[in-house]
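[1] Fold the following.
(chains A and B)
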Amino acid sequence: MVAFRNTDTSGRTTGLLLRCVLYSLVALALIIVDKRYDHLGRIRRMLSIVAYPVQIAVASPFEGWDWFRESVSSRGALRADKAKLEAELRLAQFRLQRYEALEAESQRLRALRNSTAGLTNRFVIGDVMDVDLDAFRERVLVDKGAQDGVFVGQAVLDAGGVFGQVARVGQLTAEVILVSDATHAIPVQINRNGLRTIAVGTGDMGRLKLPYLSTSADVVVGDLLVTSGLGGGFPAGYPVGTVAEVKRDPAQSLADVDVKPAAALDRSRELMFVWLKPQATTPVPAAAATSATSATSAAPAASAGHVAPMPAPAQSQSAAAMPTKTPPPAKNPPPAKTPPPAGANDE
Amino acid sequence: MMRDTRIRRLPMALSALVALALAVLPLPSVLETLRPDFLVLVVFYWSIESPRAGGLTLAFMAGLALDVIQGVVLGQHALALTLMAAWATHLRLRLRVFSILSQCLTIFALLTGYQFILFWVDGATGNPVTAFGRWLAPVIGAFLWPLLVGTLSRLHER
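    Numbers count the residues shown, from 1 in each chain, chains lettered A, B, ... in the order given. The predicted structure is shown next:
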C-alpha cells in the first residue's frame, strides 16, 4: 500500500498506467488459466468460502421473514395446509403401491438387455439460496457443495421433474444450471412413442424447445418428454416437460416445437441431487464377467459410492445396442446366458 | 497523513460491501435485468474521489469478488473494472468540474465500456450473452450516479 502511494505522489500518471497494465495482465492471465486449465478450481473453491458470508447475509433476512410468516400463520391456515398435504400424501402412496413391483420388473428387463443406464442410487436435498447470480444466465445457488459430495455435471431434480445440472462446485455451495438456460441441452424421449431427441433451453424459464425434430416427426401437443438416460448424465425416465406447441412449416425441414418444463424452475426451493447407480446387475455373476471390459471405470465408481465415471459405461452400452457397431457379436453370447440366472435369482 | 488514509478506508470498504450485497440481492425477474452495477459505481466514485486510498487495488479486488459471486470465468470483471477505474482516475480532475449532466454522460460511457469488456470476454470464452437487456444497466447506472455521489460524499465527510 505504502509503495504504491509513493509512486502515486512521485509520478501520478506513469504510476497509474503501470498499475493498470499490471492488474490487467493479471486479470487476463486469470481468464486464460481459468478457461484453458483446471488449476483454479481449488482457488475458486476457497474464494467461494470467502463469498459465502455475503451470500448468507443477503439471504438470511428473506429466510427470516419466511420463518416469521410461518410462525405467525394462523391455526386455520395450518390445518388447511395439513389437510391438503395429507390428501396429496394419500394420492402419492396410492400411486406408489405399484411402483415397487414395476421397479423390480424394470430392473429385470434391464438386466436382460444388460443396460444400467439411468438407475438412481441416492439423493441429497439442497435448498436454493436467496441470491441472484447473473441476470442473463439461468442459474441458482444451492447450499450443498463439495463437502457433501456434489460434483460437476450431476443431475438435479425437483418435485416436478428435471431441474438442471451442477455447473460449478464450491466447498459449501454449488451452482446449478437450469434446463432452460440457453446453453443447456438434455437428451429426451417422447414417452408415448419413444422418439429420441434433444431438448434445448431458450433462456426463458417457461420454455424449452426441440430444434432437431423433422416436420414429419410424430409429436403432438401434450406429449410428455422424459429423460432418455443417453449420455449418462441424467437418470432415465424422469419428466422434463410437456409439448406446448408444434409449428410445422412445409417450407422448412425441421419442426418448431415448444416445451413447457415439468420442474417449477422459477419457484422450487428444494432440489434433489442425484447419484446414478454404478452397476445395476449386481446379483448376476455372469453379468459382472461380461462387464469386465468396463471394469476399470466401474471399479472406482463402486468404491467411491457415488459416481463420476458413470457416463462411459452407459454410453458404451447404449452404443452397443446399435446394429452397426462391431462389439455386439463378441458381447452377445454372455448376455444370452445371463437371462436364466437373472430370472432364477428373482424367483 | 496516515490517519487520513485510514479514515477514508473504512467508508470505502463499507460501501463496497454494501454494493456487493446489493449485487446479489434477490429481485423479481422483471427488475433483475434492470439492476445497475452498484459495485462498479462505487468503485468509480472512490477512484474519482480519493484514488490514492484504494484506487486500482479496490477495483481489482471488487472485480474478483464479482467473478466469484456471479460464477463467471475468473478475472473477467476484474479486467473490466481495472481498466475502467483507471480511466475514471485519469479523468477525475476534469470530472470534478463537470456539470452533473456531463458527469452522468461520462459515467455512462465508462459503464458502457465496462459492459463491452464483459461482453467481449463472454464471447471470447465461448458463452456469449446476446440479450439486449445487458446494455440497459449502463443507462440506469448513469441515472443513479448523482444519487450515489450525494449519499457517499455525505457518508465520508462525516
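
[2] need the contact list for the residue of chain B at minimum distance from chain A.
    Taking CB to the nearest CB as the measure, chain B has B:Gly75 as its residue closest to chain A, at 3.0 Å. Every residue, glycine included, has its C-beta placed from N, CA and C. Neighbour list for B:Gly75: A:Val26, A:Ala27, A:Leu28, A:Ala29, A:Leu30, A:Ile31, A:Asp34, B:Gly63, B:Leu64, B:Asp67 [criterion: CB atoms under 8 Å, 6 or more residues apart in numbering or on different chains].

[3] I'd like the distance between the residue nearest to it when sequence neighbours are not counted and B:Asp67.
    In this structure, B:Gly75 finds its nearest non-sequential neighbour in A:Leu30, 3.0 Å apart by CB to CB, 6 or more residues apart in numbering or on different chains. To B:Asp67, A:Leu30 is 8 Å away according to CB to CB, to the nearest Å.

[4] Looking at these two, which one has more neighbours?
    Applying other CB atoms under 10 Å in any protein chain shown to A:Leu30 and B:Asp67 shows that B:Asp67 carries more neighbours, namely 25 against 21.

[5] Check which helices and strands the helix or strand where that one lies sits against.
    Assessed by DSSP states H and E, B:Asp67 sits inside helix B:56-70. Secondary structure elements in contact with helix B:56-70, counted by 3 or more CB pairs under 8 Å, 6 or more residues apart in numbering or on different chains; DSSP states H and E, are helix A:12-36, helix A:41-71, helix B:2-24, helix B:38-49, helix B:76-97.

[6] re the thing from before, any chance of a markdown table for the contacts of B:Gly75, columns distance to A:Gln252?
    Supplementary listing: the contacts of B:Gly75 in a markdown table, determined by distance: CB to CB, whole Å:
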| residue | distance to A:Gln252 |
| --- | --- |
| A:Val26 | 49 |
| A:Ala27 | 44 |
| A:Leu28 | 43 |
| A:Ala29 | 46 |
| A:Leu30 | 44 |
| A:Ile31 | 39 |
| A:Asp34 | 40 |
| B:Gly63 | 45 |
| B:Leu64 | 46 |
| B:Asp67 | 41 |
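
[7] Now, of the residues you listed, which are buried?
    The neighbour count (16 or more other CB atoms under 10 Å in any protein chain shown) marks A:Val26, A:Ala27, A:Leu30, A:Ile31, A:Asp34, B:Gly63, B:Leu64, B:Asp67 as buried among these.

[8] What pLDDT does the model give the second one?
    It refers to A:Ala27. In this prediction, A:Ala27 carries a pLDDT score of 90.

[9] Over to the third one?
    A:Leu30 carries a pLDDT value of 86.

[10] repeat for the last one
    Among the per-residue scores, B:Asp67 shows a pLDDT of 86.

[11] Touching, it and B:Gln76? I think so.
    Yes: taking contact to mean CB atoms under 8 Å, the distance of 5.7 Å between B:Asp67 and B:Gln76 places them in contact.

[12] Figure out the helix or strand that A:Ala159 lives in.
    In this structure, A:Ala159 is located outside every helix and strand according to DSSP H and E.

[13] now A:Val246
    Following DSSP H and E, one finds A:Val246 within strand A:239-247.

[14] quick revisit: distance to A:Asp266 for the helices and strands packed on helix B:56-70 - can I get that in a markdown table?
    Conversion of those to a markdown table gives the following (distance: least, CB to CB, whole Å):
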| stretch | distance to A:Asp266 |
| --- | --- |
| helix A:12-36 | 30 |
| helix A:41-71 | 16 |
| helix B:2-24 | 18 |
| helix B:38-49 | 24 |
| helix B:76-97 | 26 |
